[in-house]
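Chemist: A structural model of the following input is requested.
(4 chains)
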2 protein chains.
Amino acid sequence: MKKTSINDIARHLGVSKTLVSFVLNGRAKEFRIGDDIAARVLEVAREMNYQPNRIAQGLRTGKTKTIGLIIADIANPFFGKLGREIEQEAALHDYHVIFCSSDENPEKSRAQIAMLQQSQVDGYIISPPINSEEQIRLLAKGRIPFVLIDRYFPEIESDYIVVDNYDAAYKATSHLLAQGRRRIANITMNLNLVNMNERTEGYKQALLGHSIAVDENLIKVLPFSHDNKDVTKAIQELLGSTDGRKADAILFSTSKIGVMGIECISALGLKIPDDVAVVSFDNADAYKICVSPVTVVGQPLQEIGKTAVQIIMDKIEHPRNPARFQHIKLNTELIVRKSCGS
Amino acid sequence: MKKTSINDIARHLGVSKTLVSFVLNGRAKEFRIGDDIAARVLEVAREMNYQPNRIAQGLRTGKTKTIGLIIADIANPFFGKLGREIEQEAALHDYHVIFCSSDENPEKSRAQIAMLQQSQVDGYIISPPINSEEQIRLLAKGRIPFVLIDRYFPEIESDYIVVDNYDAAYKATSHLLAQGRRRIANITMNLNLVNMNERTEGYKQALLGHSIAVDENLIKVLPFSHDNKDVTKAIQELLGSTDGRKADAILFSTSKIGVMGIECISALGLKIPDDVAVVSFDNADAYKICVSPVTVVGQPLQEIGKTAVQIIMDKIEHPRNPARFQHIKLNTELIVRKSCGS
DNA sequence: CTGAAAGCGCTTACAG
DNA sequence: CTGAAAGCGCTTACAG
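Modeler: You can find the predicted model right below:
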């Protein structure tokens, strides 16, 4: 059962493969090919179960109809949902997506970009890890379009789609303040990541805006590759002391941290929101059925994914020189549930 | 900045591209190519930042080093985690993965298989939706290897990796019985899916094994594409009546259903495990921080993903005729938490 | 030890 | 209206 090629069809009908190619690509009219012969080609193609070889098309046309996606971890629901939106939008354009999880590790993302490059993807959607500036800069020098999502590098010219993190954290912190909390902590990860940094900035400014001094002891910065232990340690420092707890509220900068954090809080026997109020970034499913459903900063994942693909498609179809870059900053939504009291 | 090809290197050094290809593929020794010239080739390749074109290699060798993955939904943490394991294992073999979410829709999976076919993937890992027997049978007739995961079709000869669903449900139900529950319900989805069917069978047999009659009213079968409304309706029927509730425990056959179910239970103002005990398939993160942390059937996701890739790799590297099929059934683990009382 | 040539399956100027 | 030919970037018999 060898696959049938355009050649097989041509031979079968005694015509040239040029002709076959034309009609298969729907360009029969354009080249004024006889209706009868065009119909026969289509018929035989169906009979022989012809499937165009995209690899061959790719080599010839220079378009593989594939986009490469690099995110931190596809198993993380935040990125999983984002990946889903991207897959869906790409499919509308007859595009495939190859996904790569970088684990926020620049070494991995570098290798992944190289692999994707060799696979001749037509475009990239990347959530760049820390210290990956050089790779991204190199990518920018090439002619394959890419969009950054979730974060970006201010010093590199590129398209990007992010969320207004500063505003989101400001709103979240203000909400906590409005509920009467004063010793509000923030658990985040490596602040060299712009998005994380903006969140913590928004948090700080909200405090200052309400005349509350920023207490650096209440800001816990986890390493980018963090696990339960790191979170436990942070929570312990914030809430563990028996003689009066340092914090009365926590803003979690990611849902990965938040979910682990809430697990720790429960393990300590503390109640949310009575002992500690909680707000987290990202509307994870877990938060809906949590001890006390968690107030979250919801991100417009569909819009992020859809827009990212659309920008890439536009650049693929209309390469422009010099390139014009889009910087898109989307709004978030504070979804109030019960974790901050009522 | 055009990409450098093997030809550029050959021209630059005044040698043939055959020679360049040999040394670039590490076959210099094999063809007894001069050490000096081999070294020069490598050097120039680095200088010119040569990146092999996988598309061209693929066309020539017939191997694209890509595997296609079809699961229900990459945004569903269960499949997200599985996808991650598959990606990771594939990377070890220098393979990429293209992912497709079928939404349990056979029309979609059919189109996805066709696309993947055209993209000349070297193998498939598929979690086949209901009514996709025909597609899978067709695939089996081709010469590209595939492995089924999570479910399989008993009537189709193929490799597959599943979990012992019958045993898992039997254990879970027995646990509920051991906690004194007697009116145990099961909320599942379309039973034509073997894995779902086996779960409900295990549930029934556990009841019978403890001399408890199976009450079909306690088994709620949701359509394969279900949402919050469907789950709410089922929960309502099971727990909503004011004059004595029908059920005192629920076994959720998937975590997607379970998470929504617990949300409903809370909305009804019912307490877990006091008013109703709960066990669910899949160790979702949500369950860890739930109102009352949920007892779950944990699946060996890493082993499933890893084994699936290994089987595919083996088949790609050692095509055998006639094919021999592996049927792997892995064990699950009942992780007892607090949702069934103590 | 090295090179010229064929060919993977397509698309697309070019010619008639 | 249709076909012969070139070429995308590789690998691999084959020849010398």
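
Chemist: where does the stretch 201-342 of chain A dip in pLDDT?
Modeler: In the predicted model of the stretch 201-342 of chain A, residues A:242-244, A:342 satisfy pLDDT under 70.

Chemist: go on, the stretch 1-150 of chain A?
Modeler: Ranges of the stretch 1-150 of chain A meeting pLDDT under 70: A:1.

Chemist: Quick one: name the residues of it near chain B.
Modeler: Residues of the stretch 1-150 of chain A found near chain B (Cβ under 8 Å from any Cβ of the partner chain) are A:1, A:51-56, A:58-59, A:64, A:66, A:73-77, A:80-81, A:83-84, A:87-88, A:96-101, A:114-115, A:117-120, A:141-143. For every residue, glycine as well, the C-beta is placed using N, CA and C.

Chemist: Take those residues and, keeping just the buried ones, write it as a ChimeraX select command.
Modeler: Only the buried members of these end up in this ChimeraX selection, burial being decided by 16 or more other Cβ atoms under 10 Å in any protein chain shown:
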select /A:51,53,54,55,58,59,64,66,73,74,75,76,77,80,81,83,84,87,88,96,97,98,99,100,101,115,117,118,119,120
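
Chemist: Select from the residues of the stretch 1-150 of chain A next to chain B every entry located in strands.
Modeler: Using DSSP state E, the subset of the residues of the stretch 1-150 of chain A next to chain B located in strands is A:66, A:96, A:97, A:98, A:99, A:100, A:101.

Chemist: Is the nearest residue in space to the fifth one that is not next to it in sequence in a helix, a strand, or coil?
Modeler: Nearest in space to residue A:99, with sequence neighbours left out and distances taken as Cβ to Cβ, 6 or more residues apart in numbering or on different chains, is residue A:69 at 4.7 Å. Following DSSP: H, G, I helix; E, B strand; the rest coil, we place residue A:69 in the strand state.

Chemist: ok, residue A:69 - contacts?
Modeler: A:83, A:86, A:97, A:98, A:99, A:100, A:124, A:125, A:126 (Cβ atoms under 8 Å, 6 or more residues apart in numbering or on different chains).

Chemist: before we move on, what about residue A:156?
Modeler: Contacts of residue A:156 by Cβ under 8 Å, 6+ apart are A:133, A:136, A:137, A:140.

Chemist: And the pLDDT at it?
Modeler: Note for residue A:156: predicted pLDDT of 95.

Chemist: do you know how far the residue of the stretch 101-250 of chain A found nearest DNA strand C is from residue B:310?
Modeler: Residue nearest to DNA strand C within the stretch 101-250 of chain A: residue A:120 (12.5 Å; Cβ to the nearest atom of the strand). Residue A:120 is 27 Å from residue B:310, where distance means Cβ to Cβ, to the nearest Å.

Chemist: Not counting its neighbours along the chain, what's nearest residue A:326?
Modeler: residue A:159 is the one closest to residue A:326 (Cβ to Cβ, 6+ apart), at 4.9 Å.

Chemist: what are the bridge partners for that neighbour, then?
Modeler: Note on residue A:159: beta-bridge partners residue A:147, judged by DSSP bridges.

Chemist: neighbours around it, how many?
Modeler: Residue A:159: 23 surrounding residues under other Cβ atoms under 10 Å in any protein chain shown.

Chemist: ok, it - contacts?
Modeler: When contacts are counted by Cβ under 8 Å, 6+ apart, residue A:159 touches A:145, A:146, A:147, A:148, A:311, A:315, A:325, A:326, A:327.

Chemist: Looking at the contacts of residue A:69, which two lie furthest apart in space?
Modeler: Spanning the widest gap among the contacts of residue A:69 are A:83 and A:124, at 13.8 Å by Cβ to Cβ.

Chemist: before we move on, the earlier item: look up how far DNA strand D lies from the residue nearest to residue A:99.
Modeler: Residue A:69 sits 24 Å away from DNA strand D, taking Cβ to the nearest atom of the strand, to the nearest Å as the criterion.

Chemist: go on, residue A:296?
Modeler: Distance from residue A:296 to DNA strand D, by Cβ to the nearest atom of the strand: 48 Å.

Chemist: ok, that residue - contacts?
Modeler: Neighbouring residues of residue A:296 by Cβ under 8 Å, 6+ apart: A:255, A:279, A:280, A:281, A:282, A:283, A:284, A:287, A:334, A:335, A:337.

Chemist: one more time with 10 Å
Modeler: Residues near residue A:296 by Cβ atoms under 10 Å, 6 or more residues apart in numbering or on different chains: A:172, A:252, A:255, A:258, A:278-284, A:287-288, A:332-337, A:339.

Chemist: Mark which of those are buried, thanks.
Modeler: A:172, A:252, A:255, A:258, A:278-284, A:287-288, A:332, A:337, A:339.

Chemist: Give me the subset of the residues you listed that also touch chain B.
Modeler: The subset of the buried ones among the contacts of residue A:296 within reach of chain B, by Cβ under 10 Å from any Cβ of the partner chain, is A:255, A:258, A:284, A:287, A:288.

Chemist: picking up where we left off before, just the contacts of residue A:296: which are in helices?
Modeler: Among the contacts of residue A:296, the members falling in helices (DSSP state H) are A:172, A:255, A:258.

Chemist: what are the bridge partners for the residue lying closest to the first one once chain neighbours are set aside, then?
Modeler: In other words, residue A:172. In space, and not counting its chain neighbours, residue A:172 is closest to residue A:279: 4.6 Å by Cβ to Cβ, 6+ apart. Beta bridges link residue A:279 to residue A:251, residue A:295, judged by DSSP bridges.

Chemist: Measure how buried residue A:267 is and give me the count.
Modeler: Residue crowding around residue A:267 was assessed by other Cβ under 10 Å; the count is 10.

Chemist: Residue A:137 too?
Modeler: Other residues lying near residue A:137 total 14 when counted by other Cβ under 10 Å.

Chemist: cool, and residue A:49?
Modeler: By other Cβ under 10 Å, neighbour count at residue A:49 equals 10.

Chemist: Name the helix or strand for it, please.
Modeler: According to DSSP states H and E, residue A:49 maps onto no helix or strand at all.

Chemist: so it touches residue A:4, yeah?
Modeler: Yes: using Cβ atoms under 10 Å, residue A:49 is in contact with residue A:4, at 6.6 Å.

Chemist: Just read off the phi/psi values of residue A:331.
Modeler: phi -90, psi 150 (degrees, to the nearest 10).
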